[in-house]
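K.L.:
3D, please:
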Amino acid sequence: MWSRWGAVAALVAGAVLVGAPLAAHADGPVELNGAYVVDTVGAITGQETQVQTALDDLYDQTSYQLFVVYVSTFDNPSDRLDWASETAKLNNLGENDILLSVALDDRLYSLTTDGNFPLTDDQLSAVDVAIEGKLRDNDWAGAAITGAETLIEQANAPVVTDPTTPDTDGDDSASGGIPILPILGGVVVIGGGVFLFSRIRKRSKDGQVTALPDQMTQKELDTRAGSLLVQLDDSLKTSEQELGFAVAQFGDEATKDFTNVLASAKAKVAEAFTLKQKLDDAQPDSDAEKREWTTRIIQLCEAADAELDSQADAFDDLRQLEKNAPEALTQVQADATAARARITAAAATLEQLQGRYAASAVSPVADNVVQATRLLDFADTASAKAKTAIDAGDASTAAVAVRTAQSSVGQANQLFAAVDTLAGDLAEASTKLDAAIADTTQDVAAARALPADPGLSPAIAAAESALATVTATQGDPLANLARIEQANASLDTVFTGVRDKQQQVARATAQLDASITAARGQITSAAEYISTRRGGIGESARTRVSEADRHLQQAIALSATDPVAALAEAQRATTLASSAFELAQSDVSNYQSFNNDSSYGYQSSQGSADLGGLLGGLIGGMLGSGGGSSRSSYRPSSNYRSGSRSGSFGGSSRSSSRSVGRSSGGRRSRGGRF
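P.N.:
Residues are numbered from 1 along each chain as shown. Alright, predicted model coming up:
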């Protein structure tokens, strides 16, 4: 998708060349200027999207990049091989790049690769045959599309290698270290007009490394890291430009979260470049160090990429709201009315919880109804501002105001839902607490029956203390269930090496369900508390609740196959979640309130402190509303460059059974007359 400003650039550039002549003429070597397709003769007019999609698919599936040039005749030099070689050299194409050059009037073509291109000669010959077939039929777009598809097929085809040939993939000297490769954007010159393509990498949703590092050779790691380093460095530069446009359009307040994310991404990429310098310096590095540092570079770059992706969705939403602000305003006003209808029921549920359980058990949601009501009031204020902006024809201000109202209503609904969730968790914990107490009591008795052990007495004392505390404090079943499970964990050390594996597994299985329930409840409470007060909560609490959830998911995954390990994961999750909640409460209590919010004219008897903590950054609030992960319109279309390779286009030559010749630069190209 084009960015807003990339589309404008496309129109301007197109206007500049709209009068260019279409007559046939001799063409010298072409400077791509960031393009993947250059068409000076209108060969693929009307089929630009299909060609671009095929080139994108090729890169996504193989990391190979196909560049295509359509001209009338080859000139200066007139030899097709030298012409293609000069074009490759002029554009610094690298070992993973392929150049398809087609001269329509000459009916000549050339398929040029670097000597180190990964496919074999036979595989490249198959690509050559497929392309020539389309050219003979005058299917110019089909030649590029079929070429890309055949490259994918050949890359995925099994290759039979000579078992006597040594494998040098793992040899760092063969890989030459991490290649730093310039990235080419997407400008297509077609029939005298200019079309700008934003060649945005279709990244995976989870943002993880394509292949597990331990399954990749050092050369593969080097290639992956080099591509990501340049891609992210370029993305950061275009992101800074995009941020400037966004600030001018939506203001500092609406873009402050992205400013922070951009700084975080910059820091990660800077660390990655530092590691890259360590790999490149004269100091010898061990194989283990090379692998560790290269893997870390990949992780840092992909983490930075994911951060930038997340914020792009927020800008996409804002830009979409500019187009349909009146309809979106009507919807958010209806949503606010529906949310207000939940106030009475949520207040009644909260009152029941406060009457049945201790204050500590209800504290995560104690002020949820009050805060939700204030958020809905704030949504009304934002909606009124949006209506004024719409009437005045100010689409940007209206979009920000509508998005603020949407975020406020969304968080109010989260606060209401948290009350119901806690009610369910407390009820479930209550039903399981008695069984957990009985199980722990039995374990204490079993521990006392064991032979004397240095760790036996402290473990028994800790478990008995937990039982006494739970008996004395009946009103907080979630906390008591967690306390009992922790007491069981301390007794595990006593049974280690004493009970056989079967008994240990049986005991873990008996405890596991309650332990997972306790962990889930603690995580939910902490996560809801953080989510609805995120503006005032720092990274430590967020990190711990995220890690707690990871341990919980691991516990669930292991529960059927390894109850002992699953129990340890669940108990670790409980500990982390409890710590996260304590840190979050501390952060909120220390949060420095900001002055009354002049942007929307909202004031309360307590100022705007709670709203600051509840709403957080505007863009941050957007991320909870849905989205995907591609950066789409976030990047300026004409500047964004994705994943291309670079380097000199030399190296050893390949031969082919088809028409193959040597250029003056020592390169070899397939092709001929069609």
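
K.L.:
Which secondary structure elements does the helix or strand where Thr574 lies sit against?
P.N.:
Here Thr574 sits within helix 563-590, counting by DSSP states H and E. For helix 563-590, the packing partners by 3 or more C-beta pairs under 8 Å, 6 or more residues apart in numbering; DSSP states H and E come out as helix 477-495, helix 501-531, helix 539-558. C-beta: built from backbone N, CA, C; applies to glycine.

K.L.:
So for Asp425, which of the ones you listed sits nearest?
P.N.:
Closest to Asp425 of the helices and strands packed on helix 563-590 is helix 501-531 (C-beta to C-beta; 4.0 Å).

K.L.:
now the angle between helix 477-495 and the closest one, please.
P.N.:
Orientation note: helix 501-531 sits at an angle of 150 degrees relative to helix 477-495 (axes from the mean of the first three to the mean of the last three C-alpha atoms, to 10 degrees).

K.L.:
list the contacts for Ala345?
P.N.:
By C-beta atoms under 8 Å, 6 or more residues apart in numbering, the contact list for Ala345 is empty.

K.L.:
so it sits in a helix?
P.N.:
Yes: the assignment for Ala345 (DSSP: H, G, I helix; E, B strand; the rest coil) places it in a helix.

K.L.:
how near is it to Val68?
P.N.:
62 Å (C-beta to C-beta, to the nearest Å).

K.L.:
that older thread, the helices and strands packed on helix 563-590: which one's closest to Ala157?
P.N.:
Per C-beta to C-beta, nearest to Ala157 of the helices and strands packed on helix 563-590: helix 539-558, 35.3 Å.

K.L.:
With only the CA atoms kept, save the closest one in CSV.
P.N.:
Output of helix 539-558 as CSV, limited to C-alpha atoms (Å, rounded to 0.1, in the frame of the first residue of the first chain):
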residue,chain,number,x,y,z
GLU,A,539,8.2,-1.5,31.8
SER,A,540,9.1,-3.7,34.8
ALA,A,541,5.5,-4.7,35.7
ARG,A,542,4.7,-5.2,32.0
THR,A,543,7.7,-7.4,31.5
ARG,A,544,6.9,-9.6,34.5
VAL,A,545,3.3,-10.1,33.6
SER,A,546,4.4,-11.0,30.0
GLU,A,547,6.9,-13.5,31.4
ALA,A,548,4.3,-14.9,33.8
ASP,A,549,2.0,-15.6,30.9
ARG,A,550,4.8,-17.2,28.9
HIS,A,551,5.4,-19.6,31.9
LEU,A,552,1.7,-20.3,32.2
GLN,A,553,1.4,-21.2,28.5
GLN,A,554,4.4,-23.5,28.9
ALA,A,555,2.7,-25.1,31.9
ILE,A,556,-0.4,-25.7,29.9
ALA,A,557,1.6,-27.1,27.0
LEU,A,558,3.5,-29.5,29.3
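
K.L.:
Which strands and helices lie in contact with it?
P.N.:
By 3+ C-beta pairs under 8 Å, 6+ apart, helix 539-558 packs against helix 501-531, helix 563-590.

K.L.:
got CSV for those, with mean pLDDT too?
P.N.:
Formatted as CSV, the helices and strands packed on helix 539-558 follow (pLDDT from 0 to 100):
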stretch, mean pLDDT
helix 501-531, 86
helix 563-590, 90
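
K.L.:
export those helices to JSON lines and tack on mean neighbour count?
P.N.:
Output for those, formatted as JSON lines (neighbours: other C-beta atoms under 10 Å):
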{"stretch": "helix 501-531", "mean neighbour count": "21"}
{"stretch": "helix 563-590", "mean neighbour count": "21"}
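
K.L.:
Kindly reformat those as TSV containing distance to Asn324.
P.N.:
Formatted as TSV, the helices and strands packed on helix 539-558 follow (distance: least, C-beta to C-beta, whole Å):
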stretch	distance to Asn324
helix 501-531	27
helix 563-590	36
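
K.L.:
closest to Asp222 out of those helices?
P.N.:
Going by C-beta to C-beta, the one of those nearest Asp222 is helix 563-590, 35.0 Å.

K.L.:
Specify the angle between that closest one and helix 501-531 in degrees.
P.N.:
Using the same axes, to 10 degrees, helix 563-590 lies at 20 degrees relative to helix 501-531.

K.L.:
could you give the angle of helix 563-590 to helix 539-558?
P.N.:
Going by the same axes, to 10 degrees, helix 563-590 makes 160 degrees with helix 539-558.

K.L.:
burial measure for Val370, as a count.
P.N.:
14 (other C-beta atoms under 10 Å).

K.L.:
before we move on, back to that, how about the helices and strands packed on helix 563-590 in CSV, adding distance to Asp57?
P.N.:
CSV is the format used below for the helices and strands packed on helix 563-590 (distance: least, C-beta to C-beta, whole Å):
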stretch, distance to Asp57
helix 477-495, 50
helix 501-531, 38
helix 539-558, 33
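
K.L.:
Burial check on the closest residue to Leu583 other than its chain neighbours, number of neighbours?
P.N.:
Nearest residue to Leu583 in three dimensions, chain neighbours excluded: Ala541, at 3.9 Å (C-beta to C-beta, 6 or more residues apart in numbering). Ala541: 25 surrounding residues under other C-beta under 10 Å.

K.L.:
Show the subsequent helix or strand relative to the strand or helix carrying Val370.
P.N.:
Here Val370 sits within helix 368-391, counting by DSSP H and E. Once the chain leaves helix 368-391, the next helix or strand it forms, by DSSP H and E, is helix 395-448.

K.L.:
Buried ones in the helix or strand following that following helix, by neighbour count?
P.N.:
The C-terminal neighbour of helix 395-448 among helices and strands, as given by DSSP H and E, is helix 456-472. Neighbour-count burial for helix 456-472, with 16 or more other C-beta atoms under 10 Å as criterion, is recorded at 456, 459-460, 462-463, 466-467, 470.

K.L.:
what do you get for stretch 474-493?
P.N.:
Under 16+ other C-beta under 10 Å, the buried positions of stretch 474-493 are 476-492.

K.L.:
what is the rounded mean pLDDT of that stretch?
P.N.:
Stretch 474-493 shows a mean pLDDT of 80.

K.L.:
Check stretch 82-89 too.
P.N.:
86.

K.L.:
Now that stretch - C-alpha only, CSV.
P.N.:
Output of stretch 82-89 as CSV, limited to C-alpha atoms (Å, rounded to 0.1, in the frame of the first residue of the first chain):
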residue,chain,number,x,y,z
ASP,A,82,27.9,-6.2,-22.1
TRP,A,83,24.7,-4.0,-21.9
ALA,A,84,23.3,-6.2,-19.1
SER,A,85,26.7,-6.3,-17.4
GLU,A,86,27.0,-2.5,-17.4
THR,A,87,23.4,-2.2,-16.1
ALA,A,88,24.2,-4.6,-13.2
LYS,A,89,27.4,-2.8,-12.4
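
K.L.:
and Thr113, how many neighbours does it have?
P.N.:
Here the count is done by other C-beta under 10 Å, and Thr113 has 28 residues near it.

K.L.:
ok, now the one 10 residues further on?
P.N.:
Summarising burial for Gln123: neighbours were counted as other C-beta under 10 Å, giving 18.

K.L.:
Ala155 versus that one, what's the distance?
P.N.:
Taken as C-beta to C-beta, the span from Gln123 to Ala155 is 8 Å.

K.L.:
Could you do Ala359 as well?
P.N.:
Counting by C-beta to C-beta - Ala359 and Ala155 are separated by 63 Å.
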